Each structure stands twice: as C-alpha cells, then as structure tokens.
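*Asks:* turn this into a structure:
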Amino acid sequence: MSYARMYRRAEDGTLEFREAWHDDEARQFVVNHGKVGHVSATESTDDVGAEAAEGLLAAFEAQCDADGFALLGEDEQWRVVAQFALKTAYGTERDRHLERQAIQALSAHLAWRGLGTVEGSSIAGGKLNVFTTCVDAAKAVAAVKTCLREATSDFTKLSIAVAPASDPEAFKLRHAPAGVRGFSL
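*Replies:* Okay, here's the model as predicted:
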C-alpha cells in the first residue's frame, strides 16, 4: 500500500492534515483531510491500478508541498501510551482480547482524526501498554480516553502518559484511575 500524510499550521494556529493512500486490493485511491483532532473528510477514486496510483500519490505530494503541507519532525511529535493495569503479570486470554480491541479501536480513531498511529503493544509486569505516536499530546490524550471508554470494558484501569518523541523516556502521567500517582513501563 502506498501512503503519505502531511501537516501544516493554519493562520489561526490550527494543525491541519492531508493523507492519501492506495488500497491495492480494492483498487481504490483515497484522500483524507481535515483539522487534527476532528473527524476528517474523505474522497476516493475507484478502479485505480498500481501504476496510476503512484502518479496520483506523486501529484498529491506535490500539491501538498505547494499548499505548505510537510512531514513533521520528531521534535513535533509525541509518544502517548495507554496503559491498563492487569490482574496477572503476563495477562490472560481476556487481556489479549483487550489488547486487540484497544489496538483496533485506537488505530482507527487516531488515524481518522489525523492524530497519529499505533506503533505497538506489550503485556508484561501486570500491565498492558499500547504505544502510539501522535502530533498533538493534549488532543491525543482526550481522543484515547474517548475511544477506549467506548471500545473497552476496562476504562477504570486506564492510565495515559505522554513523552516528547525526542525524549521517549520522559513520560508524564496525564490520566489515571483514583489512587495512581506515577507511571512506569
């Protein structure tokens, strides 16, 4: 799958995004755009082969460049971790189901709002961690809370921490259940 996502800061300070991709199986070229943190608008073109898609993607990237959109540097991105406290050190089948459920829900929720991507997950030490890279820490924390409140049954065990992508170990707790004061992976 060919893919590109770019951002720009509007005159009012709002972060906007544009992304495009080619779905080889569906033979569809998709352009998605909007304000970061809000559900985006999508347009698609059907019956697009791989060669035509490469041309469309190049044209999309050139238009983005002309309109002031660009890739964001690491210093403009954040690592956001959604962490669930588990009852066992290495998790149960129920916890692995929660992991799949959280990854699927967050992947779609963050992507359709231009906020970021899920980078991976782990279960160890009595914790389920879902790792994301996002472009706006505050909006990402709000989106993670909203998404996981709707998509999982374990919201009361959710903690969320944020660190600059350029200093990925400097996590600060941004959301936690009552009584939780710190964060560690």
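
*Asks:* which parts of the lowest-mean-pLDDT helix or strand in the chain are buried?
*Replies:* Within the chain, confidence by mean pLDDT, DSSP states H and E is lowest for strand 2-9 among all helices and strands, at a mean of 93. Neighbour counts over strand 2-9 (16 or more other C-beta atoms under 10 Å) mark Ser2, Ala4, Arg5, Met6, Tyr7 as buried. Using the backbone N, CA and C atoms, a C-beta is placed for each residue, glycine as well.

*Asks:* check which helix or strand the residue nearest to Phe155 when sequence neighbours are not counted maps to.
*Replies:* Ranked by C-beta to C-beta, 6 or more residues apart in numbering and with sequence neighbours excluded, the top spatial neighbour of Phe155 is Arg149, at 4.7 Å. For Arg149, the element it lies in under DSSP states H and E is helix 137-151.

*Asks:* care to break the protein down by domain?
*Replies:* What automatic domain parsing lists as the domains of the chain is 2-66, 74-175.

*Asks:* how about a markdown table for these, with distance to Leu185 added?
*Replies:* Formatted as a markdown table, those follow (distance: least, C-beta to C-beta, whole Å):
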| stretch | distance to Leu185 |
| --- | --- |
| domain 2-66 | 26 |
| domain 74-175 | 6 |
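
*Asks:* show me what the nearest residue to Val48 once chain neighbours are set aside bridges to in the sheet.
*Replies:* Leaving aside its chain neighbours, Val48 sits nearest to Phe29 (4.3 Å; criterion: C-beta to C-beta, 6+ apart). Beta-bridge pairing for Phe29 (DSSP bridges): His22, Thr45.

*Asks:* quick one, strands of the protein?
*Replies:* In the chain, the strands defined using DSSP state E lie at 2-9, 15-23, 28-35, 41-46, 78-85, 116-124, 127-134, 158-164, 172-175.

*Asks:* cool, thanks, signing off.
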